[in-house]
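In: next come a sequence and a model predicted from it.
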Amino acid sequence: MTGLLAGIAAVCVPLVLLASVYGQVRRPGALAAALRAQRVFPRGFAGALAVCVIAAEALAGAGGAVALLCWLDGPMRAASGASAVLLASYALYGTYVSRARRGVPCGCAGDGTPMTGWVAGRAAALAAAALIGALNGLPTGSTAYEMFIAAAAGLGFAVILWALPRALLTERRTAG
């Protein structure tokens, strides 16, 4: 079971991080604008902080993807550990912002999704997956069938977690 979870994490976490980087590159400035709207950091830091966050996602995501493709256990553990720290930070930050600043944009992947508890929950789930990957590394002794299942499940979890905050938005409409 641990090998399956580690395999899922090895696929899911880098994929989500790289998809986020892709979204940020497609919509430059969206994260900095979201950070300014969230009013947690001084407005002047938003641009530099956004660049650092995107760079951290790119390094962790690319490191995990390369380690997976080259089947390098040590680098996968390192990338997963870095991802776990980054994503746990997102979960804590998202929890704070979703409670203190309602209705502000998340800035996730350059998207206009509002910062909600679902955004923080997604980050926490990804942090847990990354931690599993960091502690267990790449699965060993698995059959080709088991590896296919882990890869398919990792892809499925990535899609579900990617869509989760947007899918769980509820519009409040006034009767009138």
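Out: Yes, it's here. Numbering: from 1, shown residues only.

In: what comes up buried for the helix ranked longest in the chain?
Out: Longest helix in the chain by number of residues (criterion: DSSP state H): helix 73-100. Neighbour-count burial for helix 73-100 flags 75-88, 90-91, 93-95, 97-98 (criterion: 16 or more other Cβ atoms under 10 Å). All C-beta spots, glycine's among them, are computed from the backbone N, C-alpha and C.

In: and stretch 47-58, by the same measure?
Out: If you call a residue buried by 16+ other Cβ under 10 Å, then stretch 47-58 has these buried ones: 49-50, 53-54, 56-58.

In: so which of those are in helices?
Out: 49-50, 53-54, 56-58.

In: who touches V11 in this structure?
Out: Contact partners of V11, counting by Cβ atoms under 8 Å, 6 or more residues apart in numbering, are 68, 150-151, 153-155, 158.

In: give me the buried entries from those residues.
Out: With burial judged by 16+ other Cβ under 10 Å, the buried subset of the contacts of V11 is 68, 150-151, 153-154, 158.

In: ok, the residues you listed vs L35, which is closest?
Out: Among the buried ones among the contacts of V11, A158 lies closest to L35 (Cβ to Cβ), at 24.7 Å.

In: roughly how far apart are the nearest residue to S20 once chain neighbours are set aside and N136?
Out: Excluding the flanking residues, the one nearest S20 by Cβ to Cβ, 6 or more residues apart in numbering is A109, at 4.3 Å. Computed as Cβ to Cβ, to the nearest Å, the A109 to N136 distance reads 27 Å.
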